[in-house]
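Asks: Using only what follows, build the 3D model:
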Amino acid sequence: MAEEADKEDRTEDPTQRKLDEAAEKGDVPRSQEIGTFFVLSGFTLALLVAAGWSARESMLSLRAFLMNAHQIPSDGAAFMQVTRQGVLTGFMALGLPFAFILCAALVGALIQHKPLWTLDPLMPKFNRISPMAGAKRMFGKDAWINFAKGLAKTSLIGIVVWYTLWGEHDRLEAFAQMNVEALMPAALTLAVKLMGTVLALFAVIAIGDFVWQRFSWYQRQKMTKQELKDEYKNSEGNPEVKAKLRQIRAQRVRRRMMAAVPDATVIITNPTHFAVALRYEPGMAAPVCLAKGVDALALKIREVAGEHRVPIVENPPLARALYARVEIDAEIPVEHYQAVAEVIGYVLRLKGRRA
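Replies: Below is the predicted model:
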């Protein structure tokens, strides 16, 4: 019941990190039918390419052995020599077909997922020896689905094989009267035809099973809302900690701005909401923004400026525009040169009259 409830809670799509972790543990979508299809394809290719050659080599070796069997000594050394020769002949006859089948099996595995190197599936897990877990694997939903798939697959293949062979029943009767040399090509032709029909059916089965296995695997990787939140905290950081860090950075920026306000040439304000502190000296390319703020921070900038007798000029449109466009320690935009030049010129003339 607990596992069923847990599955019902897993309503969120898995993140890429969750999918990567599953792959690292060897949990990837894998269809046995894809592997079977490629093995059968390799076997069929071996029949087309190597079966004739293997059969001829085996027949020649066996014929030579039978024709000269009376000349072979009966001692142990001769027996070992005959055994080695038989093993070598068998390896030469079957090696090439097995190479085709092995390569096809590797392609069937690689086409589903890239190579993985992990020992996690080999590690002992005590829940595997639990009687309840074993009973669930044997009689659970997945077991019944696999049983139904196997039964349907066996039935379809049986029907296809019967239909194919029934169309060749006349030739099958003639096989009993053929000699070996005539029988081998005829049997090979029938085997290739039969395997071609089976492969066509297995292609449909393999594609359907692969789609089902990938869907089932994706459903298993789904996450609960709490797992999603926990992963976000682990990967992106705790939101509370990030908020605290932003607050600390803002405080540092504020202290640095307040320390720079006394060096400002002028404070441009929108009487109660915006304040921008600018600094300009002869030889500078353009005025630089030392500090800016809105509401409470703007009020603090004006207070510090008043304490250090920095001129404050009210120009609401210019204050709002500079606050929106200019960054701290950056030069003002070109489009505001004229307006700021008029303000700074007024301030410098004011300081000249005072002097």
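Asks: Leaving out chain neighbours, which residue sits closest to residue 100?
Replies: residue 46 (4.1 Å; CB to CB, 6 or more residues apart in numbering). C-beta: built from backbone N, CA, C; applies to glycine.
Asks: where do the helices sit along this structure?
Replies: Counting by DSSP state H, the segments of the chain that form helices are 2-9, 16-24, 32-49, 51-67, 76-110, 131-139, 141-166, 169-175, 180-220, 225-236, 239-260, 296-307, 316-325, 337-354.
Asks: and residue 160, what does it touch?
Replies: Residue 160 sits next to 197-198, 201 when contact means CB atoms under 8 Å, 6 or more residues apart in numbering.
Asks: mind checking pLDDT for the residue nearest to residue 100?
Replies: For residue 46, the pLDDT comes out at 78.
Asks: so how far is residue 249 from it?
Replies: Distance of residue 46 to residue 249, given as CB to CB, to the nearest Å: 68 Å.
Asks: Mind checking which of the two has more residues around it?
Replies: The residue with more neighbours, out of residue 46 and residue 249, is residue 46; 19 against 10, by other CB atoms under 10 Å.
Asks: pretty sure the more buried one is in contact with residue 102, am I right?
Replies: No. Applying CB atoms under 8 Å as the test, residue 46 and residue 102 come out as separate, 10.4 Å apart.
Asks: Need the residues touching each of these two.
Replies: By CB under 8 Å, 6+ apart, no residue touches both residue 46 and residue 102.
Asks: Mind splitting the chain into its structural domains?
Replies: 2-233, 257-354 (automatic domain parsing).
Asks: could you redo the helices of the chain as TSV and give each row distance to residue 271?
Replies: Below are these laid out as TSV (distance: least, CB to CB, whole Å):
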stretch	distance to residue 271
helix 2-9	56
helix 16-24	51
helix 32-49	75
helix 51-67	97
helix 76-110	72
helix 131-139	74
helix 141-166	72
helix 169-175	105
helix 180-220	60
helix 225-236	41
helix 239-260	20
helix 296-307	9
helix 316-325	7
helix 337-354	15
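Asks: Just name the most buried of those helices.
Replies: Mean neighbours per residue, mean count of other CB atoms under 10 Å, is largest over the helices of the chain for helix 32-49, with a mean of 19.
Asks: who does that helix touch, helix- and strand-wise?
Replies: Under the contact criterion of 3 or more CB pairs under 8 Å, 6 or more residues apart in numbering; DSSP states H and E, helix 32-49 touches helix 76-110, helix 180-220.
Asks: Compute the inter-axis angle for that helix and helix 141-166.
Replies: 20 degrees (axes from the mean of the first three to the mean of the last three CA atoms, to 10 degrees).
Asks: what does helix 32-49 rub up against?
Replies: By CB under 8 Å, 6+ apart, the list of residues contacting helix 32-49 from outside reads 96-98, 100-105, 107-109, 111-112, 153, 188, 191-192, 195-196, 198-199, 202-203, 205-206, 209-210.
Asks: remind me which residues of the stretch 101-250 of the chain are low pLDDT?
Replies: 115-140, 142, 172-173, 175-184, 233-239, 241 (pLDDT under 70).
Asks: quick revisit: out of the helices and strands packed on helix 32-49, which gets nearest to residue 264?
Replies: helix 180-220 (60.0 Å; CB to CB).
Asks: tilt between that closest one and helix 32-49?
Replies: 160 degrees.
Asks: now helix 180-220, how far from the centre of its chain.
Replies: 29 Å (CA atoms, centre = their mean, to the nearest Å).
Asks: And stretch 252-270, by the same measure?
Replies: Relative to the centre of its chain, stretch 252-270 is centred 50 Å away, using CA atoms, centre = their mean.
Asks: what do you get for stretch 240-259?
Replies: Once both centres are worked out by CA atoms, centre = their mean, stretch 240-259 turns out to sit 38 Å from its chain's centre.
Asks: ok, now stretch 318-335?
Replies: The answer for stretch 318-335 is 45 Å, by CA atoms, centre = their mean.
Asks: Need the nearest residue in space to residue 228, chain neighbours excluded.
Replies: residue 12 (5.0 Å).
Asks: Who does the one you found form a beta bridge with?
Replies: residue 223 (DSSP bridges).
Asks: Run through the residues that contact it.
Replies: Applying CB under 8 Å, 6+ apart, the residues near residue 12 are 222-225, 227-228.
Asks: Pull the most distant pair out of those.
Replies: Maximum pairwise distance among the contacts of residue 12 (CB to CB): 10.9 Å, between 222 and 225.
Asks: tell me, what's touching the two both at once?
Replies: Joint contacts of residue 222 and residue 225 (CB under 8 Å, 6+ apart) are 11-12.
Asks: Can I get the domains of the chain in JSON lines including distance to residue 242?
Replies: JSON lines is the format used below for the domains of the chain (distance: least, CB to CB, whole Å):
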{"stretch": "domain 2-233", "distance to residue 242": "10"}
{"stretch": "domain 257-354", "distance to residue 242": "22"}
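Asks: Quick check: which of these is nearest to residue 243?
Replies: Across the domains of the chain (criterion: CB to CB), the nearest stretch is domain 2-233, sitting at 12.8 Å.
Asks: Check the gap between residue 14 and residue 20 for me.
Replies: Residue 14 is 10 Å from residue 20, by CB to CB.
Asks: try residue 317
Replies: From residue 317 over to residue 20 (counting by CB to CB), the distance is 53 Å.
Asks: before we move on, what about residue 276?
Replies: Distance of residue 276 to residue 20, given as CB to CB: 48 Å.
Asks: And residue 192, how far from residue 49?
Replies: Residue 192 is 11 Å from residue 49, by CB to CB.
Asks: That'll do, ta.
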